[in-house]
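Trainee: using only what follows, build the 3D model:
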Amino acid sequence: MVRELVPDAFWQRVAPLLPRPRPKKKLGRPRADDRAALEAIVFVLRSGIPWEMLPRKQFGLSGMTAWRRLEEWTEAGVWEKLQHQLLDELGLRGRVDLSRASIDSSSVRASKRGPFTGPNPTDRAKAGSKHHLLVEAHGLPLTESLTAANVHDTHELFPLVDSIPPVRMPSGQRCFRPRKVHGDKAYASKKNRRGLRKRGIAPRIARPGVESKERLGRHRWVAERTLAWKNQLRRLRVRDERRDDVHFGFLVLGCCVMLFRSLYPHI
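Mentor: Numbering: from 1, shown residues only. As a prediction, the model looks like this:
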């Protein structure tokens, strides 16, 4: 079964978040349809094709127009607002479990370099970036960040934990602190454990030479699975955008697509 690029339920959530178009200074070609632009953006996200190869006859707009719309909506914070809305909907249905959370990252090659790129220690020092994700107990992405590939994972622990949005729960209250955070040995330090405890979070971070991957990995594997889901969106397998904000917009939109699929698995 082929999935729709932008189902009606997805568009109904995005449309109210879009900023009003800027008034044109002079007459000319009418503005391309917003839903068609979103379909084009999602198509590029899923297929990974270059913008200039976007089939204009299919979407009714050029790849450059779709890119400008992505830039405009990213600057307006549309994707972050959409992610918070989807998390609230899932939370009200009892689908967000903050009894524990897991953190992990994956590196991607940055063919055009740009901000937040650096020598990738796992790819012969070629230019790359790193996607960091913090997920809840079932693997739903709560928050994400982008750094250079040579930035150590430990530096993103607290920025991610502190950026978890308050999620509505069935009781109507909002929750933004997981009770536990699981991480691999890359996050192992006294500073990280102390900082998590100060936030009221129990650290479950593997200690080198003390705990095996098998013992703590039974909870942490959900983060690796979410990163694998992310890589099914081909535009996120590599970084083809020179601008870091546009690439990060793709990353947040990709997490929104995953949340929407969890909310509507049959669509």
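Trainee: can you tell me the element residue 128 falls in?
Mentor: Using DSSP states H and E, residue 128 sits within strand 127-136.
Trainee: quick one: mean pLDDT for that strand?
Mentor: What strand 127-136 shows for mean pLDDT is 97.
Trainee: which residues touch the following helix or strand past it?
Mentor: As assigned by DSSP H and E, the chain's next helix or strand after strand 127-136 is strand 141-148. The contact list for strand 141-148, computed with C-beta atoms under 8 Å, 6 or more residues apart in numbering, reads 83, 87, 101, 116-118, 128-136, 155-156, 159-160, 163-165, 167, 226, 244, 247-248, 251-252, 255, 258-259. Using the backbone N, CA and C atoms, a C-beta is placed for each residue, glycine as well.
Trainee: weed out the non-buried ones from the residues you listed.
Mentor: Buried members of the contacts of strand 141-148, counted by 16 or more other C-beta atoms under 10 Å: 83, 87, 101, 116-118, 128-136, 156, 160, 164-165, 167, 226, 244, 247-248, 251-252, 255, 258-259.
Trainee: for this protein, what spans make up the helices?
Mentor: Under the criterion DSSP state H, helices of the chain are mapped to 8-14, 34-47, 56-59, 63-75, 78-92, 157-162, 190-198, 213-231, 244-263.
Trainee: and of these, who's closest to residue 175?
Mentor: Nearest to residue 175, of all the helices of the chain, is helix 78-92, at 7.7 Å by C-beta to C-beta.
Trainee: what's the closest non-adjacent residue to residue 24?
Mentor: With sequence-adjacent residues excluded and distances taken as C-beta to C-beta, 6 or more residues apart in numbering, residue 24 is closest to residue 31, at 7.7 Å.
Trainee: roughly how far does residue 130 sit from residue 90?
Mentor: Per C-beta to C-beta, to the nearest Å, residue 130 is found 26 Å from residue 90.
Trainee: ok, back up a step: my guess is the residue nearest to residue 24 contacts residue 20. True?
Mentor: No. Contact between residue 31 and residue 20 fails when scored by C-beta atoms under 8 Å: they sit 11.2 Å apart.
Trainee: more crowded one of these two?
Mentor: Set residue 31 next to residue 20 and count neighbours by other C-beta atoms under 10 Å: residue 31 wins out with 13 against 6.
Trainee: so where's the stretch 51-200 of the chain shaky on pLDDT?
Mentor: Nowhere does the stretch 51-200 of the chain drop to pLDDT under 70.
Trainee: go again with 90.
Mentor: For the stretch 51-200 of the chain, the stretches flagged by pLDDT under 90 are 111, 122, 171-173.
Trainee: what's stretch 163-182 in contact with?
Mentor: 83-84, 87-88, 90-94, 96, 98-103, 134, 136, 142-143, 145, 157, 161, 196, 199-205, 216, 219-220, 223.
Trainee: any idea how far apart the tips of it sit?
Mentor: Its first and final residues considered, stretch 163-182 spans 17 Å by C-alpha to C-alpha, to the nearest Å.
Trainee: next one: stretch 53-64
Mentor: Stretch 53-64 has an end-to-end distance of 10 Å (C-alpha to C-alpha).
Trainee: in that stretch, which residues are buried?
Mentor: Residues of stretch 53-64 classed as buried by neighbour count (16+ other C-beta under 10 Å): 54, 59, 61, 63.
Trainee: I'd say the second one and residue 35 touch.
Mentor: Read that as residue 59. No. Residue 59 is not in contact with residue 35 according to C-beta under 8 Å; the separation is 10.1 Å.
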